[in-house]
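K.L.:
Fold the following, please.
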Amino acid sequence: MHRLPILLLAIIALLFAIWAGLLRAGWSWPPVQPDLAAAHGPLMVSAFLGTVIGLERAVALDRKAAYLVPLLSALGGLLLITGLSWMGAGYLLALAAAGLVILFSLIVRQHTAIYTITMALGSLAWLIGNLWQVAGQPIYIVTPWWIAFLVLTIAGERLELSRVLRLSNRTIHWFVVATAIFLAGVVWSRFNYDTGTRLTGLGMILLAAWLMIFDIARRNLRHRDLTRFIAYALFGGYIWLGTGGLLWLVYGGVPAGPLYDAVLHSVFLGFVFAMIFGHAPLIFPSVLQRPMAYLPSFYLPLIFLHLSLVMRITGDLINNIPLRQWGSLLNGLTLLLFLLITATALAQGSKNQAPDAAPPKAPA
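P.N.:
Residues are numbered from 1 along each chain as shown. Below is the predicted model:
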C-alpha cells in the first residue's frame, strides 16, 4: 500500500525534526550531519506537516497522481536529514507545495466555498514560503508564510466540519474578516516585518476567538470519551493560537531569540500539535484504512504538551535558558509519547475490529 510508506517517511521526518529542535535548544547531542539543526523548521513544517496534509488531500481526491505531492515533500525531507543537498531539498519542497496548490485548485473548481478557498490560500502560503526559502531569505521572513499555511489549512477544515451547525452569513462574514486581517499581516510582514507581524498576531487572536465561539467542538465538550477528548484538544489549541497572536501583537517583529521562540512554538507546537492530537482519530483511520480504538491514555500527551510548553514559553519570557531547554526536551518526549499511544490505539483497533467490518468513522 503506497500510503503507508509515505506516512512512515513523514514520521521519520518528525523524529529528525525533534532531534534538530533539541540541538537548536542547546542540547549537545551528536547530529546526524552538520546542518541538521538548521533543518528543524523545514523538516517539521514541510517534510512532516506538509507530507501529512498532502497525503490527506490525496486520499480525499482518490487520484494516483495526487500522491506525488506528499511523496515530493517526503523525499525533500530525506535530503534534509542526510544533508545531501539543501538546495535540492528546497526545490522538492517547493514542487510539493506547488502540487498542493494544484490539488486545491481542483477542489475549489469542484466545490467553491469559503472553507475550500481558505485551505487553497493556505497551500499558496506554503508555496510562497518555500520559494522565499529557496531564494535564500532569512528564516524569520519565511515563518509567517509557514504559519499561514497551517493556520489557514486548519481553520478551513474546522469551518468545513462546522457546516452541520448551519452557521449564519454574519458568522461566516466574521470568519472572512479575521482571515483577511491575518493574511494582510502575513503579506505586509514581507515589507515591514514589525508592523506585519503585529497585524498577523491580531488576525490570529481573532481567528482563535472565532474558533472557540463557533466551532462545533464547543458543543462536543458535553459529550463523552473520544468526542470530548477531540473537543478538549481543539480548544487547547485555540488558546495557544491566541497566545501566539498576543505575543506577536505585543512584541512585534522579533527575528530571533527567546521571544521569537515563544511565538513560533505557541503556534507550531501548542496550536498545530494540539490539532494533530485531536484529529489523529480522523486522519490515521482514513489514510491507513484501519480502525483506531479510543484509549483514555490519549489525554497523557495532550496534558504533557500543555505543561511542557508552558514551561518552555515561561523560560523564553523570563530568559531562563535551563527552563527553556528542559521544556524543549519535554516537548520532544511528548511527541514521542503521542506516536507510541497512537500506534497502540491502531493496534488495539485492528484487534477489536470484526473481520469484514469497515473502519468506524471518528467524530468531528
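
K.L.:
Apart from its neighbours in sequence, what residue is nearest Ile341?
P.N.:
Ser297 (5.3 Å; CB to CB, 6 or more residues apart in numbering). All C-beta spots, glycine's among them, are computed from the backbone N, C-alpha and C.

K.L.:
try Ile283
P.N.:
Once flanking residues are discounted, Ile283 sits nearest to Glu56: 6.0 Å by CB to CB, 6+ apart.

K.L.:
Could you report the separation of that neighbour from Leu167?
P.N.:
23 Å (CB to CB, to the nearest Å).

K.L.:
Distance from the worst-scoring helix or strand of the chain on mean pLDDT to the middle of the chain?
P.N.:
When each helix and strand of the chain is scored by mean pLDDT, DSSP states H and E, helix 217-220 comes last, with a mean of 73. Put simply, helix 217-220 sits 21 Å off its chain's centre (CA atoms, centre = their mean, to the nearest Å).

K.L.:
And the contacts of it?
P.N.:
Arg158, Leu165, Leu211, Met212, Thr227, Arg228, Ile230, Ala231, Leu234, Phe235, Pro363, Ala364 (CB atoms under 8 Å, 6 or more residues apart in numbering).

K.L.:
rerun at 10 Å
P.N.:
Residues from elsewhere that reach helix 217-220 (CB atoms under 10 Å, 6 or more residues apart in numbering): 158, 161-162, 164-165, 211-212, 226-235, 237-238, 278, 363-364.

K.L.:
what's the answer for stretch 185-198, then?
P.N.:
Stretch 185-198 is contacted by residues 121, 125, 128-129, 132, 137-138, 140-141, 143-149, 151-152, 184, 199-204, 245, 247-255, 260, 263 when judged by CB under 10 Å, 6+ apart.

K.L.:
Now do the domain split for the protein, please.
P.N.:
The record assigns the chain these domain ranges, following automatic domain parsing: 1-111, 113-215, 232-364.

K.L.:
right, and those - which one's nearest Arg222?
P.N.:
When the domains of the chain are ranked by proximity to Arg222, the top entry is domain 232-364, at 11.7 Å, counting by CB to CB.

K.L.:
picking that back up, how about the residue nearest to Ile341, what does it touch?
P.N.:
Leu337, Leu340, Ile341, Thr344, Ala345.

K.L.:
Return the residues in contact with the third one.
P.N.:
Applying CB under 10 Å, 6+ apart, we find Ile341 in contact with Phe277, Ala280, Leu295, Ser297, Phe298, Tyr299, Leu300, Pro301.

K.L.:
before we move on, back to that, any idea which of the domains of the chain scores lowest on pLDDT?
P.N.:
Note on the domains of the chain: domain 232-364 shows the lowest mean pLDDT, a mean of 87.

K.L.:
how near is Gly136 to Gly90?
P.N.:
Counting by CB to CB, the gap from Gly136 to Gly90 is 9 Å.

K.L.:
Which one's more surrounded, those two?
P.N.:
Higher neighbour count among Gly136 and Gly90: Gly90, with 21 against 8, using other CB atoms under 10 Å.

K.L.:
Leaving out sequence neighbours, find the closest residue to that one.
P.N.:
Val134 (4.2 Å).

K.L.:
how many neighbours does the one you found have?
P.N.:
Neighbour count of Val134, defined by other CB under 10 Å: 16.

K.L.:
do Leu106 as well
P.N.:
Look at Leu106: counted by other CB under 10 Å, it has 14 neighbours.

K.L.:
And the one 4 residues further on, by the same measure?
P.N.:
Neighbours of Gln110 under the rule other CB under 10 Å: 9.

K.L.:
likewise Phe277?
P.N.:
26.

K.L.:
Not counting sequence-adjacent ones, nearest residue to it?
P.N.:
Counting by CB to CB, 6+ apart, Ala233 is the residue found nearest to Phe277 once chain neighbours are left out, at 4.8 Å.
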